[in-house]
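In: Sequence unavailable; structure follows:
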């Protein structure tokens, strides 16, 4: 394998993983919601400030095609309906507007009245409706009353052989009109807010130099890809409990289980070829899925008829015994074996259900670096190597603490778990460079939690990562780029 991690391909320009982008947007739904609500409220506020309330009153007329309407035939009604457009023109014409303008007690011109008054006809009827809208209920009522008072003089002058009668008299409005502009501005503001939040998420996602496709393992990290593990749908765990995603659970789906079998085959082939038996599993940062991977790799090897010992060497944040629901007494853990208080054979527990041997840590240790770097730890690994076909060692994140690099001196091979769109490429490459400077051979990377199998897949709602139990790792902070719902 090429160990020069600094030799990377030429930049390929801006590439967009649409599924990953949409998945990221969905995980940031609260940003979209807040931005949409705030901008909608801003649009509403601007509309309230800039829009004056209006008041509308109306009156309606009926038309007849002759002055005497004692006897009305169907042809007369049809003629009256056809005449409504003529009366509409008369009511909104300049003579009417000039007459009404002169009768108003406030200064107004005929041209202004054309903006205040609208005349509409009802389809297939002889009814005409006049709406008067101004910024004052008194003005609207006075203009409408002026039309009702003077319309007959104009109609008699322009169309003496027809009749136009008031059907509904004008009224003085008591409330302002519904301000549709408020809703319109709010909708526009909300749309702008949503778009701005979406663009912001897109820009941030594009600017982050993370592993976003399986090809990036080779292109950006210059490392071998052992396999990809997609996200899966699960039900939430019970409150206060922990639950691991195990390949023994058929409900997780065929793809999830087969991914581990394919990785197991590649790992077995590489280890057989080079006579490797001890495999170290780590990741650049917390919450990338290394403990789940370590456990499932061990399970898949044991299912293939191999004797496997899984060591939880993450003494800062032991979780393995929780995932398997093991009841391990104090004094029967890894720290006790290293200190010489307990024999290795007594501390190793066989889990019949999974046909797997476990050497677990139980409680966080204040000095894990000194303990793991001891010769006793080296002796434990060597002794286990003689007794088991494979020894899998789960360690703390390599970019956070030095435990993984220390244990590299005792292992044959190393596997990096890389979570999709999580840790920065520079950070991962630095870890790979450190690991390759030690004894263990970095045989490849596992691309974890990928979005390829389904946009809405997720690792349930299990918040059992490093961050949930301990705010820091030694003296290091665990503030990751985004909250996650996957274990360490």
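Out: Good, I have the coordinates. Quick caveat: nothing in here was measured; it's all calculated off a predicted structure.
In: Tell me how this protein divides into domains.
Out: By the assignment in automatic domain parsing, the chain contains the domains 14-51+179-207, 55-168, 211-477.
In: distance between the longest one and the chain's centre?
Out: Per C-alpha atoms, centre = their mean, to the nearest Å, the displacement of domain 211-477 from the mean C-alpha position of its chain is 28 Å.
In: which helices and strands does the top helix by length along the chain pack with?
Out: Counting residues, the longest helix found in the chain (DSSP state H) is helix 180-207. Helix 180-207 is packed against helix 18-27, helix 29-50, with contacts defined by 3 or more C-beta pairs under 8 Å, 6 or more residues apart in numbering; DSSP states H and E. C-betas here are computed from N, CA, C, even on glycine.
In: buried set for that helix?
Out: 181-182, 185-186, 189-190, 192-194, 197-198, 201, 205 (16 or more other C-beta atoms under 10 Å).
In: what is the mean pLDDT for it?
Out: With pLDDT averaged residue by residue, helix 180-207 scores 84.
In: Can you name the two of the buried residues of helix 180-207 that sit furthest apart?
Out: 181 and 205 (35.8 Å; C-beta to C-beta).
In: and among the domains of the chain, the most buried is which?
Out: Mean neighbour counts were compared across these using mean count of other C-beta atoms under 10 Å; the top stretch is domain 211-477, at a mean of 19.
In: re earlier: now tabulate the helices and strands packed on helix 180-207 in JSON lines and tack on mean pLDDT and distance to residue 367.
Out: Rendered in JSON lines, the data for the helices and strands packed on helix 180-207 read as follows (pLDDT from 0 to 100; distance: least, C-beta to C-beta, whole Å):
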{"stretch": "helix 18-27", "mean pLDDT": "72", "distance to residue 367": "37"}
{"stretch": "helix 29-50", "mean pLDDT": "87", "distance to residue 367": "40"}
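In: what number of residues lie near residue 52?
Out: Other residues within reach of residue 52, judged by other C-beta atoms under 10 Å, total 7.
In: Tell me the confidence at it?
Out: 80.
In: how about low-confidence regions in the chain?
Out: Judged against pLDDT under 70, the low-scoring parts of the chain cover residues 1-17, 19-20, 66-74, 76-77, 180-181, 233-243, 452-488.
In: can you give me the strands for it?
Out: Secondary structure of the chain (DSSP state E): strands at 55-64, 117-121, 127-134, 163-168, 225-230, 278-283, 308-312, 349-351, 356-359, 390-394, 413-419, 441-450, 472-473, 476-477.
In: Out of the ones you listed, the one nearest residue 151 is which?
Out: Ranking these by distance to residue 151, with C-beta to C-beta as the measure, places strand 163-168 first at 6.6 Å.
In: Neighbouring strands - and their directions - for the closest one?
Out: strand 55-64 (antiparallel) (DSSP bridges).
In: Report the angle between the partner strand and strand 127-134.
Out: An angle of 160 degrees separates the directions of strand 55-64 and strand 127-134 when computed by axes from the mean of the first three to the mean of the last three C-alpha atoms, to 10 degrees.
In: So that it lines up with my notes, have the first residue be 26 from now on.
Out: Yep, numbering from 26; the last one is strand 80-89 now.
In: now strand 80-89: how far from the chain's centre is it?
Out: Distance, stretch centre to chain centre, for strand 80-89: 54 Å (C-alpha atoms, centre = their mean).
In: tell me the angle that strand makes with strand 142-146.
Out: The directions of strand 80-89 and strand 142-146 differ by 40 degrees, with the same axes, to 10 degrees as the criterion.
In: My guess is residue 110 contacts residue 144. True?
Out: No. With contact defined as C-beta atoms under 8 Å, residue 110 does not count as touching residue 144 (10.1 Å).
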